[in-house]
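Student: can you look at this prediction? I've put the sequence above it.
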Amino acid sequence: MDQKTKKTHVFQSEVKQLLHLMIHSLYSNKEIFLREVISNSSDAIEKLRFSQLSHPDQYKKLINPFKIQISLDKKNHTITVIDNGIGMTKDEIINNLGTIAKSGTKNFLEKLQKNKKEKNDFIGQFGVGFYSTFIVAKKVSVYTRHANLKNKQGLLWESEGKGTYTLEEIPIQEIGTQIILHLKSTEHEFLEEWKIKNIVSKYSDHISIPIEISKYDEKKKIISWDQINKAKAIWTIPKKNITKKEYQEFYTYLTKDIEKPLTWIHNIIEGSQEYISLMYIPQKSTWDMWNRENKHGLKLYVKNVYVMDDATQFLPNYLRFVKGIIDSQDLPLNISREILQDNPLIKNLRKILTKRILMSLTTLQEKEPKKYQKFWNNFGIILKEGIAEDTENKNIISNLLRFSSLHMPQKEQNLSLKNYLKNFVSNQEKIYFLTSESYEASLNSPHLEIFKENKIDVLLLSDRVDEWMMNYLLEFENKKFQSISKTDLSLEKMITPKKNITPENNQQYTSFIEKTKNILKEKVKDVRITHRLTNTPVIVVTDSNDMSTQMAKLFTAAGQTVPAIKYILEINMQHPLIQKIINIKSEKNILIWIEMLFEQAILVEKGNLENPNNFIQKINQLLLN
Ligand SMILES: Nc1ncnc2c1ncn2[C@@H]1O[C@H](COP(=O)(O)OP(=O)(O)OP(=O)(O)O)[C@@H](O)[C@H]1O
């Protein structure tokens, strides 16, 4: 060995942090180190297989078939995992085994620090990777030779996981990677063959590459290798031969999710377009799902060969919670992300896969409503984006929506539109809804008073996407949606005012309305008498074609300037406060009252005022009177 090339490197500080966290929080589940090492070997083999097929000139065909081998050495207390995959170059090894290169990882670490309680869950979801070997090993040696490096140019990486590692150039005969774990004295149980076999069958049975374990003779010499996994890609097996447990295990392997999947859809399609898809709907959202920009998508295989992770083109963004694989027989192997973008074959596949997911959700809601509710609670907010983004499937998605409503005294969204229609009162023509900042705010909104009184149900929407969604959700089964914070003649038609207006007070009321208009002038679009209110004197609504308050808030939050909304002030003439003001003689006092009431209505609608001090001064003045 050439000692001159041996150099000591320092781990990036995040790696040290990760190592520390992992060793302490994962100890109870330490066997996963083997899953991680095997999964890396399998990825390396998949990469080499792909490179050989797509660039046959650069990568020589191997003489040996692809495989992963594990050997246990009881004398030296080591576990060795060998693969004949793509290997690593010097740059790669420095990047992969010395730093945390993945962009999301730093965020992940920060989250981990903050959420000590959920640490285990987080780690499980994230996938702990190569560094987990240090949970059981006091020292790790990695011998690797990259597949397109000639002249036996190999590397030896070694570390005790304590802040530094060494790297040395050494000759290596075979391409691929060999990882030697020098076990801590407390971890010698992992030298038992049955134990290793158990771990492999628990976590790595679905790896489509053979995993072999060494067999020794009495003199401790390896005499043969026994295959210990099935080594068949699960999706290629006929559905009837796959057990529920096997589907679940493949999901765990694919996603590293600690929960079982909610459901899955497996299709083997033959004909003009041949492909297999195996897609899962998880139980819970993972920490990165909320961000539309984060990685998602299916794992793409072409003719059984792994091509890429996170192929987003096969499903629309609003189904980004779906995990799984697609294996196409028709796509070329050297397909790039750019080509995926405008390939007509893919567009067609995307249409079919989208329909499959939506149909499976439809069946779930019909056959297993409890499970569906669980799905909705976790992913409803993402699925809602589909109403705006997928015109073609809008109807199907509408049927999948769930809402909170006035008649259901709970925050959980579990009313379907079909069920809302069933509760229509006589003469009801529209589906009423209210968008607000929060569920609690909507429940107390004065807009609801008339609906409460007349037992008409109202959908209560308070998710961030709701206002946006409602711009696209215009009709359901020929019934129009109507925001109750907007003017609406159908409502007036439906409800006969209880308190009849006599000719005398009619004149009094009309002149009061005129007076109010003269006082508020440009501040309002109009002033009207309303029958919507019972306990509240005044309310503001937006004109049916104007931008709603929530929409304006959304735009403002996104940094856009929006013109100020001109509201219509509606007055409840029967309210004692209004009756009192009508009889006030001093014009100056009437002016203060009307301005104060208008600002009050604005405060209720928007949650804030441009000039709160002005408002308070008016109130104080009235209190002194
Ligand atoms: N046996 C191997 N052959 C070739 N490269 C490897 C091997 N083991 C690890 N690597 C490289 O090291 C990188 C880091 O591995 P690590 O397990 O820490 O993370 P990962 O596999 O990328 O992520 P995750 O575990 O979250 O899926 C791998 O992405 C790969 O590039």
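Tutor: Everything's here; your move.

Student: so what's residue 237 up against?
Tutor: By Cβ atoms under 8 Å, 6 or more residues apart in numbering, no residues touch residue 237. Backbone N, C-alpha and C define where each C-beta goes, glycine included.

Student: and the gap between it and residue 6?
Tutor: Note on residue 237: its distance to residue 6, by Cβ to Cβ, to the nearest Å, is 47 Å.

Student: same question for residue 407.
Tutor: Separation of residue 407 from residue 6 (Cβ to Cβ): 74 Å.

Student: for residue 221, same thing?
Tutor: In this view, residue 221 and residue 6 are 31 Å apart by Cβ to Cβ.

Student: so which of these two has more stuff around it?
Tutor: For residue 221 and residue 6, the more surrounded residue by other Cβ atoms under 10 Å is residue 6, and the numbers stand at 14 against 9.

Student: contacting residues for the more buried one?
Tutor: Contact criterion Cβ under 8 Å, 6+ apart gives 166-168 as the residues in contact with residue 6.

Student: just the ones of those in strands?
Tutor: Secondary structure from DSSP state E places 166-168 of these in strands.

Student: can you report how many residues neighbour residue 94?
Tutor: As a burial measure, residue 94 scores 17 neighbours (other Cβ under 10 Å).

Student: pretty sure it contacts residue 165?
Tutor: No: assessed by Cβ atoms under 8 Å, residue 94 is found out of contact with residue 165, at 9.3 Å.

Student: in ChimeraX, select just the buried ones from the ones in strands among the contacts of residue 6.
Tutor: Buried members of those, defined by 16 or more other Cβ atoms under 10 Å, are picked up in ChimeraX with:
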select :167,168
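
Student: now the ones in strands among the contacts of residue 6 in JSON lines, please, with extra columns for distance to residue 503 and pLDDT.
Tutor: Supplementary listing: the ones in strands among the contacts of residue 6 in JSON lines, determined by distance: Cβ to Cβ, whole Å; pLDDT from 0 to 100:
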{"residue": "166", "distance to residue 503": "100", "pLDDT": "96"}
{"residue": "167", "distance to residue 503": "97", "pLDDT": "96"}
{"residue": "168", "distance to residue 503": "103", "pLDDT": "96"}
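
Student: show me which of the ones in strands among the contacts of residue 6 is closest to the ligand.
Tutor: residue 167 (13.9 Å; Cβ to the nearest ligand atom).

Student: bridging residues for the closest one?
Tutor: The partner list for residue 167 in beta bridges (DSSP bridges) reads residue 7, residue 157.

Student: which positions in the stretch 101-250 of the chain make contact with the ligand?
Tutor: 127, 129-131, 177 (Cβ under 6 Å from any ligand atom).

Student: against residue 81, how distant is residue 36?
Tutor: Relative to residue 81, residue 36 is positioned 10 Å away (Cβ to Cβ).

Student: before we move on, what about residue 304?
Tutor: Residue 304 sits 23 Å away from residue 81 when distances are taken as Cβ to Cβ.

Student: neighbour-wise, which of the two wins?
Tutor: When residue 304 and residue 81 are compared for neighbours, residue 81 comes out ahead with 21 against 13, by other Cβ under 10 Å.

Student: shouldn't the more buried one be within a helix?
Tutor: No: following the definition DSSP: H, G, I helix; E, B strand; the rest coil, residue 81 is strand and is not counted among the residues of a helix.
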